[in-house]
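*Asks:* Output the structure for:
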Amino acid sequence: MDSNKNGPERVSFRLQIVLALIPSFVSQMIAFYRIKKLVHGLIIEVAIFFIDLVISSMISWPASMVFALPITVGIPVYYVRKWTLEFNKTPRGMF
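*Replies:* Below is the predicted model:
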């Protein structure tokens, strides 16, 4: 029996968190793509980029990373975790 007939499969929560924890645009976008939230993830990543840009312009480089890195990693991890749990809870029907 083909697994796609019953809708999308569950995604690995652990792998999603690992992908979100890597401070890389590509890995975080892969995590959003796997839970069908690519557009939302792109909006979040663009907003984070501009927030980091503002922080970098206000504070010199080494000190700015203290503020920018938690934002760059923390916000995607929060949403990937939230949306992965929701994605895995959705019932898989015939549609």
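*Asks:* For the nearest residue to Phe32 once chain neighbours are set aside, give me its contacts.
*Replies:* Setting aside the residues directly before and after it, Phe32 is nearest to Gly41 in space (C-beta to C-beta, 6 or more residues apart in numbering), at 2.8 Å. All C-beta atoms are positioned from the backbone trio N, CA, C, and that covers glycine. Contacts for Gly41 (C-beta atoms under 8 Å, 6 or more residues apart in numbering) come out as 28-29, 31-33, 76, 79.
*Asks:* Gly41 and Tyr78, how far apart?
*Replies:* Per C-beta to C-beta, to the nearest Å, Gly41 is found 12 Å from Tyr78.
*Asks:* same question, Ile59
*Replies:* Look at Ile59 and Tyr78: by C-beta to C-beta, they are 23 Å apart.
*Asks:* Same question for Arg14.
*Replies:* Taking C-beta to C-beta as the measure, Arg14 falls 16 Å from Tyr78.
*Asks:* just Leu85 next, same as before
*Replies:* Leu85 is 11 Å from Tyr78, by C-beta to C-beta.
*Asks:* what helix or strand is the residue nearest to Phe32 on?
*Replies:* Under the criterion of DSSP states H and E, Gly41 resides in helix 38-58.
*Asks:* List the buried residues for that helix?
*Replies:* Neighbour-count burial for helix 38-58 flags 41, 44-45, 48, 52, 55 (criterion: 16 or more other C-beta atoms under 10 Å).
*Asks:* picking that back up, any idea how far the residue nearest to Phe32 is from Met65?
*Replies:* Distance, Gly41 to Met65, by C-beta to C-beta: 23 Å.
*Asks:* what about this protein, any weak spots by pLDDT?
*Replies:* Along the chain, the parts satisfying pLDDT under 70 run over 1-8, 93-95.
*Asks:* in it, which spans are helices?
*Replies:* Along the chain, counting by DSSP state H, helices occupy 13-21, 25-34, 38-58, 61-89.
*Asks:* The last one relative to helix 38-58, how many degrees between them?
*Replies:* This means helix 61-89. Orientation of helix 61-89 against helix 38-58 (axes from the mean of the first three to the mean of the last three C-alpha atoms, to 10 degrees) gives an angle of 160 degrees.
*Asks:* go on, the first one?
*Replies:* Angle between the axes of helix 13-21 and helix 38-58 is 40 degrees (criterion: the same axes, to 10 degrees).
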